[in-house]
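Colleague: below is the structure, and that's it, no one-letter string:
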């Protein structure tokens, strides 16, 4: 560690010199001075954190410091920021502009490391900056390929340090940075929010203030809904929670009062919290910045890099196999209410080549398989719950209370109604889903044949355990014979908005796709391939479901937020199709039963069945739900082998006998 400290100080001293030098070509001087100044600011913060000086700062001073660290990427400043590839290329030239924009992004990425006092990672990034500067200083021998080789060597040679740190943070309960903030801070004093080193905006501040206005009884209730869903996930799947001792907690900054109560609940289950840097989030001040840098790895990602990274991931998990094996799985609090983000596609931003896309897909698939080996799918579970954030608007507090209502609906009552839908679906050979009005959806979904209908079922009766709120019945359909067009006028997927998303399927596999976000078909296809298909050439339908949470749907309309809600809630508000893996990936051989005692046999499709012969072809490492809202839905019809048609939904309303309860919210609001 003393050597690292020495290297750190040497780097800081050299960067102090760079800040005042004018030895590079004139067009690069401003860039290197700007980034040097930022690094020296990080150095000052590093010392302030180390000496506990920030604890004495007022809330105003902490906010000013946060603005200093993140202000360069605020929307109002981004047009003239070297973190913006458009500006970087404009001022520094195409080749060096992209490289230097990437370099500034990697420096900005260490803000969190500064607050966590991870000096080695900070030092490495500083040394990379100095090495690249030295080559720009040598004007006569400056070559783009040399700069690119420096970056490639840096990323490849330091994989072991980066991956080991990332893996340890993900499974080691002794890494207590965030846990200590939650358990040891005065949560009534908003200054605690700035201890993370993340961007802190009005959402985080107002969320913490709102939760501080609630009494402890309500906080405990909210936490208990979340943790009890987690516990029931193990119970309902017949998995032994007692063999686990850690839980992966994920949340948005500002929810610490709920998380503190949840930690207490989890400890009663014998689970210690693991909260790693990717597990706590704040609302990004500028999502375009994130979108612009999604594929920065295009600078160095190749076959050798992929191979080396996978080797290190394996070694990293092998070293930690005992603690990784004790991980029970993620417990997630999602948020909603953000204004929909419609990105700008910038030609200056780095993009993966076709070969890199394939390598990236292969890496993702193999990475998931490695993690599954050490955190076994058939032994772990999860839960996800969602709450609104203050960005929702003036009716935020009303929406928060409405969300609590959605999250605590009567599971027993819904379970009985959903069972009536399942009983009909289990008679069907296939299901027909048709849109109405401008919605072009026309899908035939092929179902598995039940050898013993008295003891078997195709659909899971989903209540409030792993997926909160309750309200869906779902299956993994047979791919062969599943054909048609899926169309949604507007949908919000992975923080991105899609307009007129249309996907065509043949035998359950994506054949064609388009949307209307951009002016050209090429841009629209690229947008879908990168952000829905994750660069796969095709994906199967992994899930077909019918959402039954009409209460959530009516509330969404009442508050006019149907396109702001997370998929966790939206998927319960109409039929949905998931592209990618099934809901049972890596758990296909675990017997699972509905409350009525029937075994759910539709746990795989023709693709996931390949795990028995070639696992590399069985999984995709993604699962994206796309929901058709009730008001765009013409009908859902179960069609038996004999050709009998039993209608479940017509014109957005449940018409199946015994499902009248599901229409009550519509009637109350006269929708």
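Modeller: On my side now, so go ahead. All values derive from a computational prediction rather than experimental measurement.
Colleague: quick one: average pLDDT of the longest strand belonging to the chain?
Modeller: Looking only at the chain and at elements set by DSSP state E, the strand with the highest residue count is strand 478-493. Averaging pLDDT along strand 478-493 yields 93.
Colleague: go on, stretch 110-130?
Modeller: Stretch 110-130 comes out with an average pLDDT of 98.
Colleague: endpoints of that stretch, how far apart?
Modeller: End-to-end distance of stretch 110-130: 16 Å, with CA to CA, to the nearest Å as the criterion.
Colleague: the helices in the stretch 151-300 of the chain, which residues?
Modeller: Counting by DSSP state H, counting those that start in this stretch, the stretch 151-300 of the chain forms helices over residues 159-171, 177-184, 202-212, 216-237, 256-268, 287-292, given from the N-terminal end onward.
Colleague: the longest strand of the chain - contacts with which helices or strands?
Modeller: In terms of contacts (3 or more CB pairs under 8 Å, 6 or more residues apart in numbering; DSSP states H and E), strand 478-493 is packed against strand 428-435, strand 442-446, strand 496-506, helix 567-570, strand 623-627. Yep, even glycine has a C-beta here, placed from its N, CA and C like the rest.
Colleague: and it with strand 428-435, angle?
Modeller: Between the axis of strand 478-493 and that of strand 428-435 there is an angle of 30 degrees, by axes from the mean of the first three to the mean of the last three CA atoms, to 10 degrees.
Colleague: buried set for strand 478-493?
Modeller: Taking 16 or more other CB atoms under 10 Å as the neighbour-count basis, strand 478-493 is seen to contain the buried residues 478-479, 482-489, 491-493.
Colleague: how far off centre is it?
Modeller: Averaged C-alpha coordinates place strand 478-493 at 21 Å from its chain's average position (CA atoms, centre = their mean, to the nearest Å).
Colleague: residue nearest the centroid of the chain?
Modeller: Within the chain, the residue whose C-alpha comes closest to the C-alpha centroid is residue 494; the distance, by CA atoms, centre = their mean, is 6.6 Å.
Colleague: from residue 527, how far off is it?
Modeller: Residue 494 sits 11 Å away from residue 527, going by CB to CB, to the nearest Å.
Colleague: roughly how far does residue 299 sit from residue 156?
Modeller: Counting by CB to CB, the gap from residue 299 to residue 156 is 12 Å.
Colleague: next: residue 223.
Modeller: Between residue 223 and residue 156 the distance, using CB to CB, works out to 43 Å.
Colleague: looking at the two, which one has more neighbours?
Modeller: The residue with more neighbours, out of residue 223 and residue 156, is residue 223; 22 against 16, by other CB atoms under 10 Å.
Colleague: in terms of contact, does the more buried one touch residue 266 like I think?
Modeller: No: proximity of residue 223 to residue 266 does not meet the contact threshold set by CB atoms under 8 Å, at 9.5 Å.
Colleague: which one of the helices of the stretch 151-300 of the chain lies nearest to residue 86?
Modeller: Go through the helices of the stretch 151-300 of the chain one by one with CB to CB and the one that ends up closest to residue 86 is helix 287-292, at 8.1 Å.
Colleague: what comes into contact with that closest one?
Modeller: 73, 75, 78, 83-85, 284, 341, 343-344, 346, 349, 495 (CB atoms under 8 Å, 6 or more residues apart in numbering).
Colleague: show me those residues that map onto helices.
Modeller: Among the contacts of helix 287-292, the subset assigned to helices under DSSP state H consists of 75, 78, 85.
Colleague: now the buried members of those residues.
Modeller: In the ones in helices among the contacts of helix 287-292, burial by neighbour count holds for 78, 85, counting by 16+ other CB under 10 Å.
Colleague: wait, a helix at residue 332?
Modeller: No: according to DSSP: H, G, I helix; E, B strand; the rest coil, the state of residue 332 is strand, so it is not within a helix.
Colleague: and the gap between it and residue 36?
Modeller: In this structure, residue 332 and residue 36 are separated by 39 Å, where distance is defined by CB to CB.
Colleague: can you give me the strands for the stretch 501-650 of the chain?
Modeller: If DSSP state E, counting those that start in this stretch is used as the criterion, the strands of the stretch 501-650 of the chain fall at 509-514, 541-547, 575-580, 599-600, 623-627, 633-640, 645-650.
Colleague: which stretches of this structure have low pLDDT?
Modeller: When residues are selected by pLDDT under 70, those of the chain lie in 1, 464-467, 563-564, 568, 668-671.
Colleague: farthest from the middle of it: give me that residue.
Modeller: The centre of the chain is farthest from one residue, residue 140, which by CA atoms, centre = their mean lies 45.6 Å away.
Colleague: give me phi/psi at it?
Modeller: Residue 140 has phi and psi values of phi -70, psi -30 when expressed as degrees, to the nearest 10.
Colleague: ok, for residue 225, nearest residue in space, not its chain neighbours?
Modeller: In space, residue 225 comes closest to residue 407 once its chain neighbours are excluded; the distance is 5.7 Å by CB to CB, 6 or more residues apart in numbering.
Colleague: contact partners for the one you found?
Modeller: Contact partners of residue 407, counting by CB under 8 Å, 6+ apart, are 225, 385, 464, 468, 469.
Colleague: now swap in residue 238 and tell me
Modeller: The contact partners of residue 238, by CB under 8 Å, 6+ apart, come to 590, 591, 592, 593.
Colleague: would you mind pulling the contact partners of stretch 393-400?
Modeller: Applying CB under 8 Å, 6+ apart, the set of residues contacting stretch 393-400 is 206, 210, 337, 387, 388, 389, 390, 392, 555, 559, 561.
Colleague: next, the buried residues of that stretch.
Modeller: Of all the residues in stretch 393-400, those buried under the rule 16+ other CB under 10 Å are 396, 399, 400.
Colleague: from residue 231, how far out is the last one?
Modeller: Just to be clear, that refers to residue 400. If you measure residue 400 against residue 231 using CB to CB, the figure is 24 Å.
Colleague: again with the first one
Modeller: Distance from residue 396 to residue 231, counting by CB to CB: 30 Å.
Colleague: quick one: the closest residue to residue 596 other than its chain neighbours and residue 548, what's the gap?
Modeller: Leaving aside its sequence neighbours, residue 596 sits nearest to residue 419 (CB to CB, 6+ apart; 6.2 Å). Using CB to CB, residue 419 is found at 11 Å from residue 548.
Colleague: what about those two, which has more around it?
Modeller: A count of neighbours by other CB under 10 Å puts residue 548 above the other of residue 419 and residue 548, at 25 against 18.
Colleague: thought that one was touching residue 420?
Modeller: No: the pair residue 548 and residue 420 does not pass the contact test of CB under 8 Å, sitting 10.4 Å apart.
Colleague: ok, back up a step: widest-spaced pair of the buried residues of strand 478-493?
Modeller: The largest distance within the buried residues of strand 478-493, taken as CB to CB, falls between 478 and 492 and amounts to 29.4 Å.
Colleague: got the end-to-end distance for stretch 640-659?
Modeller: End-to-end distance for stretch 640-659: 20 Å, by CA to CA.
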